[in-house]
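*Asks:* attaching a predicted model along with its sequence, questions to come.
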Number of protein chains: 4
Amino acid sequence: MPASYAYLGPEGTFTEVALRTLPETATRELIPMVSVPAALDAVRGGEVEAAFVPIENSVEGGITTTLDELVAGEPLMIYREVLLSITFALLVRPGTKLSEIKTVTAHPAAQPQVRNWMKNHLPDVIWESAASNADGARLVQEGRYDAAFAGEFAAERYGLEPLETEIHDAENAQTRFVLVGKPARPAAPTGADKTSVVVWQRDDHPGALLELLQEFAVRGVNLMLLQSRPTGEGIGNYCFAIDAEGHIADRRVGEALMGLKRRCPQVRFLGSYPRAEVDPQSVRTPEAGTSDGEFAAASDWLARRQDGRF
Amino acid sequence: MPASYAYLGPEGTFTEVALRTLPETATRELIPMVSVPAALDAVRGGEVEAAFVPIENSVEGGITTTLDELVAGEPLMIYREVLLSITFALLVRPGTKLSEIKTVTAHPAAQPQVRNWMKNHLPDVIWESAASNADGARLVQEGRYDAAFAGEFAAERYGLEPLETEIHDAENAQTRFVLVGKPARPAAPTGADKTSVVVWQRDDHPGALLELLQEFAVRGVNLMLLQSRPTGEGIGNYCFAIDAEGHIADRRVGEALMGLKRRCPQVRFLGSYPRAEVDPQSVRTPEAGTSDGEFAAASDWLARRQDGRF
Amino acid sequence: MPASYAYLGPEGTFTEVALRTLPETATRELIPMVSVPAALDAVRGGEVEAAFVPIENSVEGGITTTLDELVAGEPLMIYREVLLSITFALLVRPGTKLSEIKTVTAHPAAQPQVRNWMKNHLPDVIWESAASNADGARLVQEGRYDAAFAGEFAAERYGLEPLETEIHDAENAQTRFVLVGKPARPAAPTGADKTSVVVWQRDDHPGALLELLQEFAVRGVNLMLLQSRPTGEGIGNYCFAIDAEGHIADRRVGEALMGLKRRCPQVRFLGSYPRAEVDPQSVRTPEAGTSDGEFAAASDWLARRQDGRF
Amino acid sequence: MPASYAYLGPEGTFTEVALRTLPETATRELIPMVSVPAALDAVRGGEVEAAFVPIENSVEGGITTTLDELVAGEPLMIYREVLLSITFALLVRPGTKLSEIKTVTAHPAAQPQVRNWMKNHLPDVIWESAASNADGARLVQEGRYDAAFAGEFAAERYGLEPLETEIHDAENAQTRFVLVGKPARPAAPTGADKTSVVVWQRDDHPGALLELLQEFAVRGVNLMLLQSRPTGEGIGNYCFAIDAEGHIADRRVGEALMGLKRRCPQVRFLGSYPRAEVDPQSVRTPEAGTSDGEFAAASDWLARRQDGRF
């Protein structure tokens, strides 16, 4: 397996910054790719060990390109997630003053985060879209625009200076990224894990979503995300990408997944991996009756009853 | 183990008739006992192999004495059930005419089944209670009463003749009896089985009954009987005697029982045994996703995912 | 309406003591009846204003005679409940010593409460059953037995003296009694009320019990008692007597009852009345979203939306 | 109110074709807008009577721009929906042959529908994105590209001819459009209606999604679509856009909506309107116990019980 990670490029974007928070990137080649499908195809084709792509952000929700790539095609698995707070810097060529800015650029996804700030500070400026925030910075460097919204980290790379930093209309704006590889044994549970899965409903069985959720609830497994995606078989046909608390090695999670597997025509396991948000308060202890110990005790009790040992 | 069965006596009652429908009784000593507790204590004390007692009838509901004996004390298990239709004969000394009957007797439990018939045919007769229907017949033999309501089978034993048979106010009046022994391995599944269990709720958790029922529902296990019984710890404290379709060896039943075991402070397994009502229509095939084959496939799927084999 | 209450007699029993805790009994004639059906028939026949009968005790559970009388026949309603702690006194003729007691009597229902005490203090005494505890006391007065277990209050009436009081094997032994009348408008809510109802399941719909309980749960109505009773239509056919927290005038309770009415072939409303156990801790405030105010606000919101007013 | 509809332009797209299936468009001015927000702002600002925009397609799922605009800002309501099958034509200047095509253009959303067709028929052609399919056709007319994928209806407008029609990689590819106006009284129920609503969960209450779905299920209301959208308050915070069968004037739907209103910090009613798919088989009769007649009967029953009338 080649010691390299693909990621959604170009260089100098939030994706690269998030990727570099993973310690092992120090010893791996990091290869920017032009699109999420390209990055994931590099994994499927064995050209790289893994790919690092955004999967959810707090403004746009699930990144549908990434979800759809994981839902279909040859199976892949998520091994890690990274959460990155998204704030922008206004980058200019050294010496440019705010009052001199007539044109500004950035990737369209930046807009919801800087719109209000622009109304207040750059009301009459002309906005044009760039292919990426890094590309916007490059275009400023080249003199095509007066300023670009980008991560502060992009300033140095493009010889720009941040005129303003920490720009963010919404508090708590974050993007979640995942490291995706070919299927293999998930990392061992850490006690604060997350399990991702995609489930399809039976055609003849509307309202089955409630039943699917009950497979989790009856075993005390809490859901963190539920995202519907079209199956491509006509309007109203959806599968559900679900993130649940816990690890496939946790017995409550394993039993819930088996329940889904029995109930659904198709289930795709997308991985169990450590949760990025390490706030200890957000890690719940299993509810009464759902710990591994209680599962083991119940299993033992059942075996003895089946055997006539009391 | 002594080759004998205790049963709720005396001889000549419906209980004995029901018991004799079991083929093995031909080769066993059948010992009438004065009460249900006495019969079950004979099992617990090792004096008999098993005891045969009524547990439910369609007029009175659950027989609380039997339920309470199974719920508390040293564990016992149900191995068989027998359903008997209850219709009465009016037994008289040979030669007695209907118009000559002034007094009639039977066990009080017979009353709901003969009340209307008496109104129509013996409106002015005096009713007195007997300790059992068989005892009533004996008292008619001795001349203490003119007639007794009892099973037609009691006529011969007491030298009486049935003046009328098939007396029953309610259609479908039935009593269910169970054969109870010390805990051992349940008989193998027949495909039409029933599992009996008693569950206690957590004190601090009102409304938990719904959760208990969901442990069954989510695995597609149908309930046949739910009977609340006081725990003896003050008004409003109940445990639940539950009969469910299926056998403890069925994986859907086993998983549901483990769910109860995890959720409840106490669960008592009372046995898995063939259902007496052999109406093929009442034997449902497991609902989609709950057969043993589907459980095994899901189990295998989970093991492969936990292992990284796809 | 005659100013009299019937009650399950005879005089001098726990039932009478419980009845006299109701203030209005000071101005009413209290008429002992020979049985629960007799007492309730006196209400149905208009001979008395109401009848006072036991409905549940912590040792035996639901009193099936009372439940079955309320479930069937002309509708009746519960207007009050009384909880009475049950402890026994050992009543003897004045001067009798414990060592002189050879025979003892009481109603069979007393046995579970005095059995252990007898083992310790009267190990060799002969027990015989009486028709009621009061009748047992009378038989001691007449010299037929040496001692009777009865309420201490029965001593004076029968010229006996309590040799021992506060006898009770089980702590918290209580009996619940209800005052039953013809249907009328329930008393106004007190904030700590209880609603009693009987529901029948659809024949073709096994497993519907879960659905019935969900009608309560989804509206945040907590259940206090669920008791199955046979419908008389063959084994396995049950209706359910349910006690729920709250009053029919509470909107969450009303909506739940309408849900039952829509789902079930038959629902019998048995009354909304103040809860006897006035422990303030056992009175929960409605869970979030289920108060009358929240129902009214939601109703108003819906009306405006239906009307196009925002 | 001005007799005009805004729609997502430009002219000559599938949106316009779908809009023109509404009979009243014959007498209204139809105004193309540059974006969904622009179209909806025209409604909010009172410049047009209504706006017609895509909301869901079978390849991409929910159109997030439209959903997010409906979820936030001044309330709007959906009054109609239109389903349109999406198939493409390959438009060229008259006389162009397939073998002469070197460059092709269309809106990026067209790609998933024509990708396979291109692989087979135009493997070596260069694809460039256009701002809309109509714009792509215009660019072909101007000679900038050799061919455009667009609706066949666009040929005439731009003086092109369809070289190939009925191009669609996925069968059943459809887009759903909605007509959106200011809040007003919904149209009367037709018997085959749909209700759209957005609900927010309580922060402190993970797992509440199951409870929300039960508010529908317990009243027999079937869900057709559930789409999560970020609330903008940080990763993992979602609201749910839900389409349910039935009309707000149906009592089962009204009661379910009130349940949501009570349970959720915020509910936004987005309208009740006729379902576009008129397949009679997809219109279910209400399940037992959930028709308006049964609701009315239960309501009447409750009022009588509350009043003491039996």
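*Replies:* Looks like it came in fine. It should be emphasised that the depicted structure is a prediction, and the values quoted were computed from it without experimental measurement.
*Asks:* okay, CA-based contacts and neighbour counts for the rest of this
*Replies:* Noted.
*Asks:* can you tell me the closest non-neighbouring residue to A:T165?
*Replies:* A:A89 (4.1 Å; C-alpha to C-alpha, 6 or more residues apart in numbering or on different chains).
*Asks:* quickly find the element holding the nearest residue to A:S291 once chain neighbours are set aside.
*Replies:* When the adjacent residues along the chain are set aside, A:S291 lies closest to A:R252, with 7.2 Å between them (C-alpha to C-alpha, 6+ apart). Per DSSP states H and E: A:R252 is located in helix A:251-263.
*Asks:* residues touching that helix, excluding its own?
*Replies:* A:199, A:212, A:215-216, A:219-221, A:246-248, A:267, A:290-292, A:295, B:288-290, B:294-295, B:298-299, B:301-302 (C-alpha atoms under 8 Å, 6 or more residues apart in numbering or on different chains).
*Asks:* give me the distance from that helix to the chain's centre.
*Replies:* For helix A:251-263, the separation from the chain centroid amounts to 23 Å (computed by C-alpha atoms, centre = their mean, to the nearest Å).
*Asks:* next SSE after that helix?
*Replies:* Once the chain leaves helix A:251-263, the next helix or strand it forms, by DSSP H and E, is strand A:266-274.
*Asks:* packing partners of that following strand?
*Replies:* Here strand A:266-274 touches strand A:77-85, strand A:193-200, going by 3 or more C-alpha pairs under 8 Å, 6 or more residues apart in numbering or on different chains; DSSP states H and E.
*Asks:* make CSV from these and add mean pLDDT and mean neighbour count to it.
*Replies:* Formatted as CSV, the helices and strands packed on strand A:266-274 follow (pLDDT from 0 to 100; neighbours: other C-alpha atoms under 10 Å in any protein chain shown):
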stretch, mean pLDDT, mean neighbour count
strand A:77-85, 96, 22
strand A:193-200, 96, 23
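*Asks:* now those strands in a markdown table, with distance to chain B?
*Replies:* Below are these laid out as a markdown table (distance: least, C-alpha to the nearest C-alpha, whole Å):
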| stretch | distance to chain B |
| --- | --- |
| strand A:77-85 | 9 |
| strand A:193-200 | 11 |
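*Asks:* looking at the ones you listed, which is nearest to chain C?
*Replies:* Nearest to chain C among those is strand A:193-200 (25.4 Å), distances taken as C-alpha to the nearest C-alpha.
*Asks:* can you give the strand pairings for that closest one, parallel or anti for each?
*Replies:* strand A:238-245 (antiparallel), strand A:266-274 (antiparallel) (DSSP bridges).
*Asks:* to C:N120, which of these lies closest?
*Replies:* Of all those, strand A:238-245 sits nearest to C:N120, with 56.5 Å by C-alpha to C-alpha.
*Asks:* then the closest one to CSV, C-alphas only?
*Replies:* Only the C-alpha atoms of strand A:238-245 are listed here, as CSV (Å, rounded to 0.1, in the frame of the first residue of the first chain):
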residue,chain,number,x,y,z
TYR,A,238,-34.4,7.3,-0.5
CYS,A,239,-31.7,5.5,1.4
PHE,A,240,-30.5,6.9,4.7
ALA,A,241,-26.9,7.7,5.8
ILE,A,242,-26.9,7.3,9.5
ASP,A,243,-24.2,8.1,12.1
ALA,A,244,-24.7,6.4,15.5
GLU,A,245,-22.8,6.7,18.7
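*Asks:* ok, the residue nearest the centre of chain A to A:R229 distance?
*Replies:* The C-alpha lying nearest the average C-alpha coordinate of chain A belongs to A:I55 (C-alpha atoms, centre = their mean; 3.0 Å). Separation of A:I55 from A:R229 (C-alpha to C-alpha, to the nearest Å) stands at 13 Å.
*Asks:* so where's the stretch 1-150 of chain A uncertain?
*Replies:* Confidence mapping of the stretch 1-150 of chain A against pLDDT under 70 gives the ranges A:1-2.
*Asks:* tell me, what's touching A:I55 and A:R229 both at once?
*Replies:* Shared contacts of A:I55 and A:R229 (C-alpha under 8 Å, 6+ apart): A:T64.
*Asks:* chain B versus A:F149, what's the distance?
*Replies:* Distance, A:F149 to chain B, by C-alpha to the nearest C-alpha, to the nearest Å: 42 Å.
*Asks:* and A:L91, by the same measure?
*Replies:* 45 Å.
*Asks:* swap in A:E49?
*Replies:* Distance of A:E49 to chain B, given as C-alpha to the nearest C-alpha: 16 Å.
*Asks:* contacts for the helix or strand encompassing A:Q113, please.
*Replies:* Assigned by DSSP H and E, A:Q113 belongs to helix A:111-121. Outside of helix A:111-121, the residues within contact range by C-alpha under 8 Å, 6+ apart are A:V59, A:T87, A:F88, A:I167, A:H168, A:D169, A:A170, A:A173.
*Asks:* touching, the second one and A:A170? I think so.
*Replies:* No - with contacts defined as C-alpha atoms under 8 Å, A:T87 does not count as touching A:A170, sitting 9.3 Å away.
*Asks:* compare those two (neighbour count), which wins?
*Replies:* A:T87 (23 against 18; other C-alpha atoms under 10 Å in any protein chain shown).
*Asks:* might you report the residue contacts of the more buried one?
*Replies:* A:Q113, A:G151, A:T165, A:E166, A:I167, A:H168, A:A173.
*Asks:* farthest pair in those?
*Replies:* The span of the contacts of A:T87, defined through C-alpha to C-alpha, is set by A:T165 and A:A173 at 14.7 Å.
*Asks:* neighbour count winner among those two?
*Replies:* A:A173 (19 against 15).
*Asks:* need phi/psi at the more buried one.
*Replies:* Main-chain torsions, A:A173, degrees, to the nearest 10: phi -70, psi 120.
*Asks:* what's the answer for A:A131, then?
*Replies:* In terms of degrees, to the nearest 10, the main-chain angles of A:A131 are phi -70, psi -30.
*Asks:* so what's it closest to, chain neighbours aside?
*Replies:* A:H107 (5.7 Å).
*Asks:* was I right to think that neighbour contacts A:A137?
*Replies:* No - the pair A:H107 and A:A137 does not pass the contact test of C-alpha under 8 Å, sitting 10.2 Å apart.
*Asks:* same drill for the two, tell me which one is more crowded.
*Replies:* A:A137 (34 against 18).
*Asks:* now A:T195: how far from C:R20?
*Replies:* 63 Å.
*Asks:* contacts only, for whichever residue of the stretch 201-310 of chain A sits closest to chain B.
*Replies:* Closest to chain B within the stretch 201-310 of chain A is A:G308: 3.7 Å, counting by C-alpha to the nearest C-alpha. Each residue near A:G308 by C-alpha under 8 Å, 6+ apart is listed here: B:P183, B:A184, B:R185, B:P186.
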